[in-house]
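> I need the structure of the sequence given here:
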Amino acid sequence: MKLAQYLKEIEQFLKEYIEKAHCKTYVLGISGGVDSSLCAALARNAVGKDRLLCLIIPIESQKADEDDALLLAKELDLNYVTVDATEIFNGYVKTFKSLGQDFDRSTLGNLKARIRMSILYAYAQKYNGLVIGTDNADERYTGYFTKHGDGACDILPIAHLLKGEVVEASKLLGISNHLAERVPTASLFEGQTDEKEMGVTYKDLDAYILGGKVDEEVEKRIQHLHKISEHKRVPTPMPKEFDRGE
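Numbering: from 1, shown residues only. Next up is the predicted model:
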């Protein structure tokens, strides 16, 4: 199947699901990154401008990140709200320090992702909406998402697209090269990039998932990431059912 055809199927999926769920709108956090940009384009095509609410949620963010999110909103003519959650995040940190807790930057980065998702769900509840997740196939395979943060959502439209396909799809839908080719980063701390944090490139990830040949050390790294993140991809574990019989 051609990628352009598959994008039409995703749009139809989004169009049908919102009606099936008896909801009025989709809610999406946009960062200026290619994944959320593609999700925004797909959702807008599927249900129209007035049934998509986008949120820009800076938390100690770089101005360039917010600028790119605003650029996307302008390019696609999106309805959006900016909610600066820096004060909320700092409140958490202040409380933790008062309790003698000093968390590392990875923990604090994940906290930012969970604060953002809490805000998205608050807006979704207010407007009878569904939260769109932006994880792609590479991120799902390696577990490169924050559990109950960006990994929490109601629908995953690009879950089966590899990173390279996400970039290509974004260009097909008219998203500028600046946004489509932006260095992938969750912007959880200064200087952070996806590839540095994972220890593997998206090019190698795409190749491995497609069954291609990659360097032995790269293969081991990918397999390790997949193994340790299994808990993120399965339903919440439960013990066997309680037998109330005699």
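
> ok, the closest residue to G149 other than its chain neighbours - contacts?
The shortest distance from G149 to any non-neighbouring residue, by C-beta to C-beta, 6 or more residues apart in numbering, is to A113 (3.0 Å). All C-beta atoms are positioned from the backbone trio N, CA, C, and that covers glycine. The neighbourhood of A113, defined by C-beta atoms under 8 Å, 6 or more residues apart in numbering, consists of T146, G149, D150, A186, L188.

> worst-scoring helix or strand of this protein, pLDDT-wise?
Here the helix or strand of the chain ranked lowest by mean pLDDT, DSSP states H and E is helix 194-198, holding a mean of 92.

> Run the chain-centre distance for it.
Helix 194-198 has its average C-alpha position 15 Å from the chain's average C-alpha position, going by C-alpha atoms, centre = their mean, to the nearest Å.

> That one: what's the following helix or strand?
Sequence order places helix 202-209 as the next helix or strand after helix 194-198, per DSSP states H and E.

> Summarise which helices and strands that next one is packed against.
Applying 3 or more C-beta pairs under 8 Å, 6 or more residues apart in numbering; DSSP states H and E, one finds that helix 202-209 contacts helix 137-142, helix 163-172, helix 194-198, helix 216-228.

> residues making contact with the first one?
Counting by C-beta under 8 Å, 6+ apart, helix 137-142 makes contact with 35, 144-145, 158-163, 198, 200, 202, 205-206, 209, 222, 225-226, 229, 233, all of which sit outside it.

> Please repeat the previous calculation with a cut-off of 7 Å.
145, 159-163, 198, 202, 205-206, 209, 222, 225-226, 229, 233 (C-beta atoms under 7 Å, 6 or more residues apart in numbering).

> Just the pLDDT at A64, thanks.
Listed pLDDT for A64 reads 88.

> Residue ranges in the protein under the pLDDT threshold?
246 (pLDDT under 70).

> And the helices in it, which stretches?
Counting by DSSP state H, the chain has helices at residues 3-20, 34-47, 63-76, 86-98, 105-126, 137-142, 163-172, 177-180, 194-198, 202-209, 216-228, 230-233.

> which of those is buried the deepest?
Compared across the helices of the chain, helix 34-47 shows the largest average neighbour count, a mean of 25 (mean count of other C-beta atoms under 10 Å).
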